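**Student:** The sequence and its predicted three-dimensional model are supplied below.
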Amino acid sequence: MNSAAANRLPAPIAPILMALILLLPAGRASAQELVADLSNHLVAITAGFTGTEVLLFGAIEGEGDVVVSVTGPTQDVIVRRKDKLLGIWLNARSIGFSGVPSFYAIASSRPLDEIANEAVRARLEIGTGNLRLPLADGQSVTPADETDFRTALIRRKQARGLYPPTVGQVGFVGRTLFRTRLFLPSNVPTGNYTVTVYLIREQEVVSAQTTPLLVSKAGFGADVYEFAYNHSAAYGAIAVIIAVMAGWLASLIFRKS
């Protein structure tokens, strides 16, 4: 069941969601057990960006629960462990992971363990504990070390707000329409995101849909970022020149005063 009564949203939202769903390509809502979309497929990061929310909405046919996952572009990550030697903290060991989602969040209509068993959640990589985080090539690591460093990696992502530790809420209007708000923090990485919506019934996935989400820098900040990324040497030289000029100008001002 989707526990609609527990997650019921205000009635005025229903007409809005229905209107949005009707804007989807003709036939999709009636031909599929699950149909979903985003209110916005582009998040523009401009100066002063403090985070944003994107509305995900949709409809299901029949009974079932909805689980939503948001996965950011993957990256290679090195996790270092520090040990204390002669009173000084030093980097003692490091392990590299590949294909690590830069951002990961989950929302569901009920507690995850009530919707799907551990085997299903592991297969779908639902929950941070089920993310496949392969080791970088050429590493020899004990299972205990891999577990410890993996835990440290997830903890660091959570501390930065990139792996929210709590599961978001998918709310239903009646038994058909649903919605959830996906929060992206101010430090959200740029790139292509994948939003996946699962319809789960009696511990089995009966339908799934993915939709893209692009997070991109915009405005003057984007131009500076792109120049710095593509022409790092020139950007560094310009930064040094600006710093020297600023110091020289400051010295002139102090002399006059």
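**Tutor:** Everything's here; your move.

**Student:** And the residue nearest the centre of the protein?
**Tutor:** What sits nearest the mean C-alpha location of the chain, by Cα atoms, centre = their mean, is residue 103, with 3.2 Å.

**Student:** what residues are up against it?
**Tutor:** 70-72, 162-163, 184, 188-189, 193 (Cβ atoms under 8 Å, 6 or more residues apart in numbering). Where C-beta positions appear, they are placed from N, C-alpha and C, glycine not excepted.

**Student:** Just those: which are in strands?
**Tutor:** Counting by DSSP state E, the contacts of residue 103 place 70-71, 184, 193 in strands.

**Student:** In the stretch 51-200 of the chain, what residue spans correspond to helices?
**Tutor:** 112-115, 118-124, 143-159 (DSSP state H, counting those that start in this stretch).

**Student:** now for the shortest one, which elements pack on it?
**Tutor:** Based on contacts counted as 3 or more Cβ pairs under 8 Å, 6 or more residues apart in numbering; DSSP states H and E, the elements that helix 112-115 packs against are strand 65-71.

**Student:** For residue 156, see how far away residue 133 is.
**Tutor:** Distance of residue 133 to residue 156, given as Cβ to Cβ, to the nearest Å: 12 Å.

**Student:** So which of these two has more stuff around it?
**Tutor:** The residue with more neighbours, out of residue 133 and residue 156, is residue 133; 18 against 13, by other Cβ atoms under 10 Å.

**Student:** what's the neighbour count on the closest residue to residue 130 other than its chain neighbours?
**Tutor:** In this structure, residue 130 finds its nearest non-sequential neighbour in residue 122, 4.7 Å apart by Cβ to Cβ, 6 or more residues apart in numbering. Residue 122 has 15 neighbours, counted by other Cβ under 10 Å.

**Student:** Where do the strands of the stretch 1-150 of the chain begin and end?
**Tutor:** With DSSP state E, counting those that start in this stretch as the criterion, the stretch 1-150 of the chain has strands at 34-38, 42-45, 52-60, 65-71, 74-85, 88-101, 104-108.
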